[in-house]
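Chemist: with the sequence up front, the predicted model follows.
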Amino acid sequence: MNEADLNQPFSPDEPEIDPIIGEDDVPADHRSGFVAVIGRPNVGKSTLMNHYLGQKIAITSPKPQTTRNQLLGILTLPNEDYPDLPPAQVIFIDTPGIHQPKHKLGEYLVETARRTILDADLVLWLVDATEPPTPEDRLVAEALQDAAAEAGRKHQPVPPVLLAINKIDAVAALPDGFEQPFLDLYPVEAWMPISATRGDNRRELLADILNRLPLGPRYYPADQVTDQHLRFMAGELIREAALQVLHQEVPHALAVIVNEFKERSENMTYINATLVVERESQKPIVIGQKGRTLKKIGQLARAEIENLVGTKVYLELWVKVRPKWRKKENDLYWLGYKK
Ligand SMILES: Nc1nc2c(ncn2[C@@H]2O[C@H](COP(=O)(O)OP(=O)(O)OP(=O)(O)O)[C@@H](O)[C@H]2O)c(=O)[nH]1
Ligand SMILES: [Mg+2]
């Protein structure tokens, strides 16, 4: 660095180095930990996590089995949304919905979710207030019991479980004792009715989570919100757009591969991706008449990806058939669902 450089003020674009990464530098009362967000499909796990993070980390949809990977959402507190909460880092682990698997992909999804329980300091179990417990909610309770038994065998602590009864905005009135059938499924530490979308008790639940986390360091830099790469997230946004546009069996039979992800210039990203379906008959459905469906998927995805990467996006989409990929071990590896 020459003398002229030394006289220059720091550029405002220079990334700020966070002063408090690491055990030694955080305040003595700093709390941190991993919070596994589990539940059956479609109860709002990803929606709630996204709301806490103030951005779309995980894709969401009204169709069950949307989330297919374990994703971290890293929340460093206090922040603009929660200025009065104590210093902490909550690392949410979003998981696939627990269900009765019908193929290898399903088995992998459920296995991913179950494995997360014992990796966590705290489990946040979501159910849906609009229905009484379903057989899938019972599967979640069984997964919790199995995890507790395994922890016992390994002389490991069992993570405490908080129950959040979500979607209370969608029920006219909550009858007295509506929580009891859920509480009967597993001995949770505490429960709370919430609405991930409208915000009821969102802050209260977060404060409760913080209270139950151990004292600990910042595991991630304060400005990091996820462990996922832009390339993966772009693929997910394409899948989300497809989930939005397609119906019936096709969304479940769909996977996305990002073949190329290149920053062509400062303000242009080039993405080339393939939508993989399971059967020849699904290909024309995804493409649509005169390519209209694929075009719509592309338009929706492009807007979301531009938001994510902060540049214009040139998106090229292809459709390919990979017969019965959900049932084939090798295809699951190839599509990134199995490590
Ligand atoms: N009315 C209402 N809808 C909600 C709420 N939270 C989530 N939803 C909706 O429920 C649907 C499922 O939400 P997701 O966040 O994708 O659910 P998930 O539990 O992550 O589902 P999987 O990834 O399939 O396991 C979406 O259509 C959400 O908009 C809520 O508080 N109220
Ligand atoms: Mg999800």
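Modeler: Right, received. Where do you want to start? What you see is a predicted model; the values in this text were computed from it and never measured. Numbers count the residues shown, from 1 in each chain. Ligands and ions are numbered 1, 2, ... in the order given.
Chemist: can you pull the contacts of residue 224?
Modeler: Contacts for residue 224 were tallied using C-beta atoms under 8 Å, 6 or more residues apart in numbering; they are residue 74. All C-beta spots, glycine's among them, are computed from the backbone N, C-alpha and C.
Chemist: and the pLDDT at it?
Modeler: Looking at residue 224, its pLDDT reads 96.
Chemist: contacts only, for residue 259.
Modeler: 272-274, 318.
Chemist: mind running it again at 10 Å?
Modeler: 235, 271-274, 316, 318 (C-beta atoms under 10 Å, 6 or more residues apart in numbering).
Chemist: quick one: buried ones out of those residues?
Modeler: Taking 16 or more other C-beta atoms under 10 Å as the criterion, what is buried in these is 235, 271, 273-274.
Chemist: mind checking which of those residues are in strands?
Modeler: With strands taken from DSSP state E, the overlap with the buried ones among the contacts of residue 259 comprises 271, 273-274.
Chemist: before we move on, the earlier item: ok, the buried ones among the contacts of residue 259 vs residue 135, which is closest?
Modeler: Of all those, residue 135 sits closest to residue 235, with 31.6 Å by C-beta to C-beta.
Chemist: turn the ones in strands among the buried ones among the contacts of residue 259 into CSV, including pLDDT.
Modeler: Shown next, in CSV, are these (pLDDT from 0 to 100):
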residue, pLDDT
271, 98
273, 98
274, 98
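Chemist: return the member of these nearest to residue 250.
Modeler: Closest to residue 250, out of all of those and judged by C-beta to C-beta, is residue 274, at 15.1 Å.
Chemist: surely residue 154 and residue 148 touch.
Modeler: No - the criterion here is C-beta atoms under 10 Å, and residue 154 misses it with residue 148 at 11.1 Å.
Chemist: higher neighbour count, the two?
Modeler: Shown here are residue 154 and residue 148; by other C-beta atoms under 10 Å, residue 148 has more neighbours (17 against 9).
Chemist: surely the more buried one forms part of a helix?
Modeler: Yes - the assignment for residue 148 is a helix, going by DSSP: H, G, I helix; E, B strand; the rest coil.
Chemist: contacts only, for it.
Modeler: Per C-beta under 10 Å, 6+ apart, neighbours of residue 148: 117-118, 156, 158-159, 161, 186-187.
Chemist: just name the closest of these to ligand 1, please.
Modeler: Distance to ligand 1 across those (C-beta to the nearest ligand atom) is lowest for residue 117, with 14.9 Å.
Chemist: coming back round to it: export the contacts of residue 259 to a markdown table and tack on distance to ligand 1?
Modeler: Below are the contacts of residue 259 laid out as a markdown table (distance: C-beta to the nearest ligand atom, whole Å):
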| residue | distance to ligand 1 |
| --- | --- |
| 235 | 16 |
| 271 | 23 |
| 272 | 26 |
| 273 | 21 |
| 274 | 22 |
| 316 | 27 |
| 318 | 25 |
